[in-house]
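**Q** coords please:
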Amino acid sequence: MRGVLLMIVPVLFSSCSPETCRDSVAPVSVKLEVERLEEKLFQARTAKEVELFLSENREFSDFFLDANQYPSDSILATRVFTLISNPSIDTLFLESLQAFNAFDEMVDQIEQAIGRLKYYYPETTTPKIQTVVTGLYKDLFISNNYIMIGMDFFIGENASYKPLDIPNYILRRYNSEHLPSIIVKFISSQYAAQGKGESMLTEMIDFGKAYYLLSKIMPCTPERILIGYTKEEWNDTFEYESIIWANFIQNELLYETSHLVKQKFLAERPNVYEIGDKCPGRIGAWLGWQIVNAYAEKTGVTVQQLMAETDHNKIFTQSGYKPG
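**A** Below is the predicted model of the structure:
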């Protein structure tokens, strides 16, 4: 999908009671292998022991720590050992463990989601989860085979140390409440076929299909969490839906192809000021989701058929979407 982002408080994992879960399929049984690498790494007492850790965890070293950018593992090991020997890292380490005190619940959420994804797409692989604390070096690495989590990025709003290069409106989603859906969205989005063409509408529905599938496989996670909106933002989008839609129509945005214009409505921003000071960023993606919901409800299309559809003008036309 275009523009998939990893950017993606007392940190209790978000789950709903069975009464508030959306309708969904029964998940295929999935068991994720989990490695808590922070425990192994912080047991190292010399740079040589860190180098052994890097060698024993080759994929993690290469994909998460970018070991291939160093002339040798010994140089990287020295840097990592200096990091874990810094007294300040103890704070990050302890706060990370505290933030992830419900880690098993998070793993269960991801297992359930991947199990439902396997119901629709049996070929879905079962990745291994690896966690670590690296002094805010990297937040996530996700592939079909691995979910690598920099726990210190997801401590939440009460973290003593926060990444300096992430805006606050994005950083507010960096907690364990949002983490499962961030991970699952990245994995599941590959099944949402991109539409033909480069119009705003096409990309809106690209996003909309990804969120539709995510909502189906994470039925007990509030949809505002799936898209990363606050409660106020989520409620406002529905309250002012007809005004938002009118802005798109009056300004002839649906078939706009300018990348700069599309980014204003689809990309990460604190607000879409072109519509209003309180209109949340990525409002085009939210609209695309509503169009896809309307299309699915009106046509009764299966999840697999919807994800495979590349004629997004057809989705829009047959959706009959017209708020208000």
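**Q** so where's the stretch 1-150 of the chain shaky on pLDDT?
**A** Scanning the stretch 1-150 of the chain with the threshold set as pLDDT under 70 gives 1-19.
**Q** Which stretches in it count as strands?
**A** With DSSP state E, counting those that start in this stretch applied, the stretch 1-150 of the chain shows strands at 34-36, 128-132, 140-142, 146-150, listed in chain order.
**Q** Format those strands as CSV; extra columns: mean neighbour count and distance to Ile275.
**A** In this view, the C-beta of every residue, glycine as well, is placed from N, C-alpha and C. Shown next, in CSV, are the strands of the stretch 1-150 of the chain (neighbours: other Cβ atoms under 10 Å; distance: least, Cβ to Cβ, whole Å):
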stretch, mean neighbour count, distance to Ile275
strand 34-36, 15, 43
strand 128-132, 20, 39
strand 140-142, 19, 30
strand 146-150, 22, 34
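**Q** closest to Leu254 out of the ones you listed?
**A** strand 140-142 (31.4 Å; Cβ to Cβ).
**Q** Who does that closest one pair with, and is each partner parallel or antiparallel?
**A** Strand pairing for strand 140-142, using DSSP bridges, gives strand 146-150 (antiparallel).
**Q** Among the strands of the stretch 1-150 of the chain, which comes closest to Gln304?
**A** Nearest of those to Gln304, taken as Cβ to Cβ: strand 140-142 at 22.6 Å.
**Q** rewinding a little: Glu309 is nearest to which of the strands of the stretch 1-150 of the chain?
**A** With Cβ to Cβ, the closest approach to Glu309 among the strands of the stretch 1-150 of the chain belongs to strand 140-142: 25.3 Å.
**Q** rewinding a little: which one of the strands of the stretch 1-150 of the chain lies nearest to Gln305?
**A** strand 140-142 (26.4 Å).
**Q** if we can go back for a sec, would you format the strands of the stretch 1-150 of the chain as a markdown table with distance to Gly284 included?
**A** Formatted as a markdown table, the strands of the stretch 1-150 of the chain follow (distance: least, Cβ to Cβ, whole Å):
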| stretch | distance to Gly284 |
| --- | --- |
| strand 34-36 | 36 |
| strand 128-132 | 32 |
| strand 140-142 | 24 |
| strand 146-150 | 28 |
